[in-house]
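*Asks:* Sequence and predicted structure, then a few things I'm wondering about:
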Amino acid sequence: MKTKANDLRYLNPSLGLAEVPEKVTALGKGKMVRRKGLGPATSKCPACGTVHSRAVMEEQLYVCPECKHYLSMPSHARIAMLADQGSFIELDHGLVSVDPLEFADLRSYRARLQEARRETGVREAVTTGVCKIGGQRAVLVVFDFAFLGGTMGSVVGEKIAHAFEEATERGIPLVSVAASGGARVQEGMFSLMQMAKVAAAASVHDRHGLAFISVLTDPTFGGVTASFASLGDILVAEPGAQIGFVGPRVIEQTTGIAPPKDSHKAETLLQAGLIDLVIKRADLPSVITYLIAHLAKRKATDSAVEGLPPNVKRQRLPAWQKVGLARHVGRPSARYYIARISSRFLELHGDRWSADDPAIVGGLAQVNGQTVIIIGHDRGGTPEEKEASHDGKAYSEGYRKSLRLMRLASKFRIPVVTLVDCPNAQASYESEHRGIAHALARNLATMANLPTPIVSVIIGEGGSGGALALGVADRVLMLENAIYSVISPEGAAAILYRDAGRAESVSEVLKLTAQDLHSLGIIDTVVPEPEGGAHLDPAATADALRSHVLAALRAFDGVPTNQLLDSRYKKYRHIGQGGKFWREKVRSGLSDVFGLLAYAVSRMEKSNGKKAKALDVSPRIRPEKVRTPSASSTKRAAHD
Ligand SMILES: [Zn+2]
């Protein structure tokens, strides 16, 4: 698509291009924006009142050097900060607003537009263009709050919708930096309708599997927050930015009650699970570069193949001893493994609904040159961390966060690695009220159908539905001294014997060790731990885990999605039937059946051919229950 640098669709002849300050033209027609001399000559910090020159402000990225307050950034400075030098080509430079309603309040809309153009040096509240960010092509959409409060009228909506279309057509990501008061009242319902228009354009871009990174800066309100700006795959905010639908001042005016000081703040939104990240302005270019690089569909990995560590045969520890090791206070946590196995990990936050549960940690990681999404239960290390993450007992919002990350993985076909370590899902009144059962169920169903490989590792305690909700996978690995059970040994002892003290003996019967579960066909691979347990050599454990995860991922590299989903379905449809335990059961079951048949036949012979008697036993033999292990599960067992 050609860039429409001189598109005059919205040009109002009575305004004319001559009204627009001459220097603005330097922005358009492929010329570089990274030039100084636009925007106000001085800026006064609204926090401390210090007046800074434009040169100082541009140097400091419009962060007050006195008090570190974040000032609004003129769009040209923002573009210069994010786009690679000389790469920005403006789109829709010729689009300027008309006054469809001939609106006038204290002053006419037309007069306000002219003044905004003169003062800001830009033609509208948004500037759009194609550029490179960290060497990667992207469409960039940047608001200028100084232009009529960054409000979204017809031209702003048109430019944004067109920017998404341009990105869709070119098959490239879109990065937007919002700063807006919301709708442009002077354009009435035309302004409101822009919300539907830009949301639709963003959703088409999304449907094409392209990344959208939305940066929310101070302030972003109303129709911009409530449309495209909240639809990013990743939502990033600047520190202290006020973000919301209805601003705090308007809330106070309408309700008579001032919202609390932390209301609408980026940090509050992060806690509320509504945004992924709060990133310092200076770090935005590198974070956006990382996100663009990793949120893209990838072909088969060409990363170097690593060998698996040798499998050392060790004496099997009693189940109860393994329970102790799995719960050992020094046992490495999911966060430890993530840090050790990935060269870079960008943690993402929130369920985009109600909260950011610290009991689930997840984000975009780079492991051996490969992009993966890692999600794990986080039980914390120190007592304070343990309390904050409620010992890995996640609430529904934690599982919704994992679901959101899995959907991100699904969109970009990024493999998922889960690290399971939770004694059980949160058991409390609040947890029930917040729908823990629904959240677990949705995870199971989503993981069953996620069109990208999933490798799950039980690293510590795998307890009940809370563990399984991260444990549905194409390949399930388990650390040698981890445990995985439908209920804790204490819980089982209390139910079965009304005596939690019998947990030790019950732990053996529950078959919760890695070796037991491997022979039951519940897990696929036992990952060896150092002698004495993972806590004695966390680094060696992490290295073994990494090699096994990479080997498992490699096995699914390039496998067509249909085949992947089909075999995952079959894996759970026939769970356990590939294990040694099951084969033994089938063998002993069959010998019982044959014994019965032999007995029946001998009776038949004795009773002069009373066939009806013999038939009495046959309905008990249900052929589907004595099916031999399927070819695929046998192959899987052989592989391990
Ligand atoms: Zn200041």
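*Replies:* That came in fine, so what should we check first? Numbers count the residues shown, from 1 in each chain.

*Asks:* can you list the weak-confidence ranges in the stretch 201-350 of the chain?
*Replies:* Along the stretch 201-350 of the chain, the model assigns pLDDT under 70 to residues 298-306, 310, 312.

*Asks:* what does this protein have sitting close to the ion?
*Replies:* Applying C-beta under 5 Å from the ion, one finds that the chain approaches the ion through 45, 47-48, 64, 66-67, 69. Glycine gets a C-beta too; all of them are placed from N, C-alpha and C.

*Asks:* Buried among the residues you listed? Make that a ChimeraX selection.
*Replies:* Applying 16 or more other C-beta atoms under 10 Å to those, the buried members can be selected in ChimeraX as follows:
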select :45,64,69
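
*Asks:* So Arg413 is in contact with Lys297, correct?
*Replies:* Yes: taking contact to mean C-beta atoms under 8 Å, the distance of 5.2 Å between Arg413 and Lys297 places them in contact.

*Asks:* how about the strands of the stretch 101-250 of the chain, start to end?
*Replies:* Assigned by DSSP state E, counting those that start in this stretch, the stretch 101-250 of the chain shows strands spanning 126-133, 136-143, 174-180, 212-220, 234-237.

*Asks:* show me the contacts for Ile341.
*Replies:* Under the criterion of C-beta atoms under 8 Å, 6 or more residues apart in numbering, the neighbours of Ile341 are 365, 367, 542, 545-546, 549.

*Asks:* let's see 7 Å
*Replies:* Residues near Ile341 by C-beta atoms under 7 Å, 6 or more residues apart in numbering: 367, 542, 545-546.

*Asks:* now swap in Gly129 and tell me
*Replies:* By C-beta under 7 Å, 6+ apart, the contact set of Gly129 is 88-91, 140.

*Asks:* Quick one: those residues as CSV, columns for neighbour count too.
*Replies:* CSV is the format used below for the contacts of Gly129 (neighbours: other C-beta atoms under 10 Å):
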residue, neighbour count
Phe88, 25
Ile89, 18
Glu90, 23
Leu91, 24
Leu140, 29
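
*Asks:* Could you tell me which of those belong to strands?
*Replies:* When the contacts of Gly129 are checked against strands using DSSP state E, the ones located there are 89-91, 140.

*Asks:* Pick the one among those closest to the ion.
*Replies:* Proximity of the ones in strands among the contacts of Gly129 to the ion, judged by C-beta to the ion, is greatest for Leu140, which lies at 27.6 Å.

*Asks:* Run through the bridge partners of that closest one.
*Replies:* The residues listed as beta-bridge partners of Leu140 by DSSP bridges are Gly129, Val175.

*Asks:* Test my guess that it contacts Val175.
*Replies:* Yes: with contact defined as C-beta atoms under 7 Å, Leu140 counts as touching Val175 (5.4 Å).

*Asks:* which helices and strands does the helix ranked longest in the chain pack with?
*Replies:* Counting residues, the longest helix found in the chain (DSSP state H) is helix 580-606. Judged by 3 or more C-beta pairs under 7 Å, 6 or more residues apart in numbering; DSSP states H and E, the packing partners of helix 580-606 are helix 611-615.

*Asks:* re earlier: Val586: which of the ones in strands among the contacts of Gly129 is nearest?
*Replies:* Of all the ones in strands among the contacts of Gly129, the one with the least separation from Val586 (C-beta to C-beta) is Leu140, at 62.0 Å.

*Asks:* Local confidence estimate at that closest one?
*Replies:* Looking at Leu140, its pLDDT stands at 98.

*Asks:* what's the answer for Ala18, then?
*Replies:* Predicted confidence (pLDDT) for Ala18: 26.

*Asks:* And Ser428, by the same measure?
*Replies:* According to the predicted model, the pLDDT of Ser428 comes to 92.

*Asks:* Ala161 now?
*Replies:* What the model reports for Ala161 is a pLDDT of 97.

*Asks:* Return the distance of it relative to Gly153.
*Replies:* For Ala161, the distance to Gly153 equals 13 Å [C-beta to C-beta, to the nearest Å].

*Asks:* Those two: which is more packed in?
*Replies:* When Ala161 and Gly153 are compared for neighbours, Gly153 comes out ahead with 27 against 20, by other C-beta atoms under 10 Å.

*Asks:* got the contact list for the residue lying closest to that one once chain neighbours are set aside?
*Replies:* Across the structure, with C-beta to C-beta, 6 or more residues apart in numbering as the measure, the residue nearest Gly153 apart from its sequence neighbours is Arg184 (3.6 Å). Arg184 sits next to 148, 151-153, 191 when contact means C-beta under 7 Å, 6+ apart.

*Asks:* rerun at 8 Å
*Replies:* Taking C-beta under 8 Å, 6+ apart as the contact definition, Arg184 lies against 148, 151-153, 156, 191.

*Asks:* Among those residues, which one lies nearest to the ion?
*Replies:* The shortest approach to the ion among the contacts of Arg184 belongs to Leu148, at 24.6 Å (C-beta to the ion).

*Asks:* and the closest residue to the closest one other than its chain neighbours, what pLDDT?
*Replies:* Of all residues not flanking Leu148 in the chain, Ala116 sits nearest, at 5.0 Å (C-beta to C-beta, 6+ apart). Among the per-residue scores, Ala116 holds a pLDDT of 93.

*Asks:* Against Met152, how distant is Ala116?
*Replies:* Using C-beta to C-beta, we find Ala116 at a distance of 14 Å from Met152.

*Asks:* Looking at the two now, which is surrounded by more residues?
*Replies:* Neighbour comparison, Ala116 and Met152: the larger count goes to Met152, with 32 against 21 (by other C-beta under 10 Å).

*Asks:* quick one on the thing from earlier: can I get the contacts of Gly129 in a markdown table including distance to Val476?
*Replies:* Converted to a markdown table, the contacts of Gly129 look like this (distance: C-beta to C-beta, whole Å):
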| residue | distance to Val476 |
| --- | --- |
| Phe88 | 48 |
| Ile89 | 49 |
| Glu90 | 51 |
| Leu91 | 48 |
| Leu140 | 42 |
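
*Asks:* now stretch 463-479, how far from the centre of its chain.
*Replies:* What separates the centre of stretch 463-479 from the centre of its chain is 18 Å, taken as C-alpha atoms, centre = their mean, to the nearest Å.

*Asks:* ugh, typo on my part, it should be stretch 374-382
*Replies:* Worked out by C-alpha atoms, centre = their mean, stretch 374-382 lies 16 Å from the chain centre.

*Asks:* What of stretch 207-222?
*Replies:* Stretch 207-222 has its average C-alpha position 15 Å from the chain's average C-alpha position, going by C-alpha atoms, centre = their mean.

*Asks:* That one: end-to-end distance?
*Replies:* Taking C-alpha to C-alpha, to the nearest Å, the first and last residues of stretch 207-222 lie 25 Å apart.

*Asks:* swap in stretch 510-525?
*Replies:* With C-alpha to C-alpha as the measure, stretch 510-525 spans 19 Å from end to end.

*Asks:* now do stretch 78-93
*Replies:* Criterion C-alpha to C-alpha; first-to-last residue distance in stretch 78-93 is 17 Å.

*Asks:* what are the ranges of the helices in the stretch 451-600 of the chain?
*Replies:* Ranges of helices within the stretch 451-600 of the chain are 464-468, 489-497, 503-509, 514-519, 538-556, 561-573, 580-606, based on DSSP state H, counting those that start in this stretch.
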